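K.L.:
Here is the input, now give the coordinates:
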Amino acid sequence: MGEPNRSRLLEYTQGPTAAEVPEARRSSLLDYAEATPPPGPSADGRPGPRPGVPPYETAVFVPAHPRYVDATYDDGSPVRVPFIAYELFAHPTDATGTVAFAFTTLEKLVTALGEAQPWVATSLGPLAEGVAEQGVTVLLDPRVAPGQRNWQVADLAAYAREVR
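P.N.:
Residues are numbered from 1 along each chain as shown. Okay, the predicted model is just below:
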């Protein structure tokens, strides 16, 4: 008691001082991946990864965005069910093929598709297995023609209004 409550709004708008900003920490995900020895043949007899093929658990950044399905609970009340839709692209050399792009760094995704591109991080193995069920392959760190942008900033704003 004794001291009145003081608003912290100005602290948030002015930002913290340099001494108050914590040092950015590196994600532990890469530490775990680097510390794990490459897998050998699996217990069920399947071969390990071929030379030049990233391990199954390699983290990748994939063009994707949220989607929603309006449904109802058993009691009849409405519910909006979210899910993630991977964005698929025409294969650059096979006119009949479809591919999922996967990038080993976020910087490579942004360079290829632009800053407005929505994305998710996932493991390469489950991604490849999931899209293979649909007859789709994964291209890792694909080269995209300069200026090709799938999403623009205005597209993100329109999408956000649409899903609200």
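
K.L.:
Give me the distance between Gly114 and Asn150.
P.N.:
Distance of Gly114 to Asn150, computed by Cβ to Cβ, to the nearest Å: 7 Å. Backbone N, C-alpha and C define where each C-beta goes, glycine included.

K.L.:
actually Val136, sorry about that
P.N.:
16 Å.

K.L.:
do the same with Thr98
P.N.:
Thr98 is 14 Å from Asn150, where distance means Cβ to Cβ.

K.L.:
how about the strands of this protein, start to end?
P.N.:
Per DSSP state E, the chain has strands spanning 59-72, 78-86, 88-90, 98-102, 119-123, 137-140. These are given in chain order.

K.L.:
For this structure, just list every one of the helices.
P.N.:
Ranges of helices in the chain, per DSSP state H, are 9-14, 28-35, 106-113, 124-132, 153-163.

K.L.:
which stretches of the protein have low pLDDT?
P.N.:
1-53, 147-148 (pLDDT under 70).

K.L.:
Kindly recompute the last result at 90.
P.N.:
1-58, 65-70, 80-85, 88-98, 114-116, 125-126, 130, 132-135, 137, 143-164 (pLDDT under 90).

K.L.:
List the contacts of the closest residue to Val60 other than its chain neighbours.
P.N.:
Spatial nearest neighbour of Val60, excluding adjacent residues (Cβ to Cβ, 6 or more residues apart in numbering): Ala102 at 4.0 Å. Residues counted as contacts of Ala102 (Cβ atoms under 8 Å, 6 or more residues apart in numbering) are 60-62, 124, 127, 138-141.

K.L.:
Kindly state the beta-bridge partners for Ala102.
P.N.:
Leu140 (DSSP bridges).

K.L.:
Against Val62, how distant is it?
P.N.:
Taken as Cβ to Cβ, the span from Ala102 to Val62 is 5 Å.

K.L.:
what residues are shared contacts of those two?
P.N.:
Leu127.

K.L.:
Test my guess that Ala90 contacts Thr96.
P.N.:
No: using Cβ atoms under 8 Å, Ala90 is not in contact with Thr96; the gap is 9.1 Å.

K.L.:
between the two, which one's more packed in?
P.N.:
Ala90 (11 against 6; other Cβ atoms under 10 Å).

K.L.:
how about that one, what does it touch?
P.N.:
97-99.

K.L.:
bridging residues for it?
P.N.:
Thr98.

K.L.:
And it, how far from Asp141?
P.N.:
18 Å.

K.L.:
would JSON lines of the contacts of Ala90 with neighbour count and distance to Pro82 be doable?
P.N.:
What follows is the contacts of Ala90, written out as JSON lines (neighbours: other Cβ atoms under 10 Å; distance: Cβ to Cβ, whole Å):
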{"residue": "Gly97", "neighbour count": "13", "distance to Pro82": "29"}
{"residue": "Thr98", "neighbour count": "14", "distance to Pro82": "24"}
{"residue": "Val99", "neighbour count": "18", "distance to Pro82": "25"}
